[in-house]
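> build me a structure from this.
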Amino acid sequence: MSRIGKKPVAIPGGVKAAVSANTITVEGPKGKLSYSFKTGFKVEVKDKAITITRPSDAKQDKATHGLIRSLVNNMIIGVTEGYKKELEITGVGFKAAMQGKVLNLQLSYSHPINYAIPDGITVETPKPNLVTIKGIDKAKVGEVAAEIRDFYRPEPYKGKGIKYVGEHVRRKAGKAVAGAGGPGGA
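Residues are numbered from 1 along each chain as shown. Modelled structure (predicted):
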């Protein structure tokens, strides 16, 4: 039995949830989100809580039960608090700047990278080496952060690149210098 799926999702004040057919819609102070769930699952809104019941005890249904509950919970958190990811840019001459709805990245390539920001996402650059991504959809915020990070992943020798704030990059030792007694030495 899915332990996560059994727990009801609490609906905080100022949030409206509605279920129609196989779609749940959640509306709060930050915006509106909807999710279409798998046929057979039953989602009920009552007494300031959302409960999800599954059609059978099949392994796939148990897994989907917990998934639907987590997605609904993420929707509630998104419309009340929102989600935020921060990226840190490390390297000489590496910087980011916003130009309207386009993120301009200078990453030691011969050309700047212009990344168009999708709808529903807000990107800020408080410092040239810090990018903040905000939004109400957790999956979309994570996807945008991952796409920006993929332009120049942190490398293990000098640590240059784009990484999440708080991410630890495992560093490798560079080439060992040959001593005076090695081949070609004095």
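> wait, what's in contact with the closest residue to Lys95 other than its chain neighbours?
Computed as Cβ to Cβ, 6 or more residues apart in numbering, the closest residue to Lys95 that is not its neighbour in sequence is Pro128, at 3.9 Å. Yep, even glycine has a C-beta here, placed from its N, CA and C like the rest. By Cβ atoms under 8 Å, 6 or more residues apart in numbering, the contact list for Pro128 reads 89, 95-97.
> can you redo those as a markdown table with secondary structure?
Below are these laid out as a markdown table (DSSP: H, G, I helix; E, B strand; the rest coil):
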| residue | secondary structure |
| --- | --- |
| Ile89 | strand |
| Lys95 | strand |
| Ala96 | strand |
| Ala97 | strand |
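> tabulate those (JSON lines), appending distance to Lys140 and pLDDT.
Shown next, in JSON lines, are those (distance: Cβ to Cβ, whole Å; pLDDT from 0 to 100):
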{"residue": "Ile89", "distance to Lys140": "21", "pLDDT": "96"}
{"residue": "Lys95", "distance to Lys140": "25", "pLDDT": "95"}
{"residue": "Ala96", "distance to Lys140": "19", "pLDDT": "96"}
{"residue": "Ala97", "distance to Lys140": "22", "pLDDT": "96"}
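> which single one of those is nearest to Tyr35?
Checking the contacts of Pro128 against Tyr35 with Cβ to Cβ, the nearest one is Ala96 at 31.7 Å.
> who does that closest one bridge with?
Ala96 has the following beta-bridge partners by DSSP bridges: Leu105.
> that one touches Val131, doesn't it?
Yes. At 5.1 Å, Ala96 and Val131 qualify as touching, with contact defined as Cβ atoms under 8 Å.
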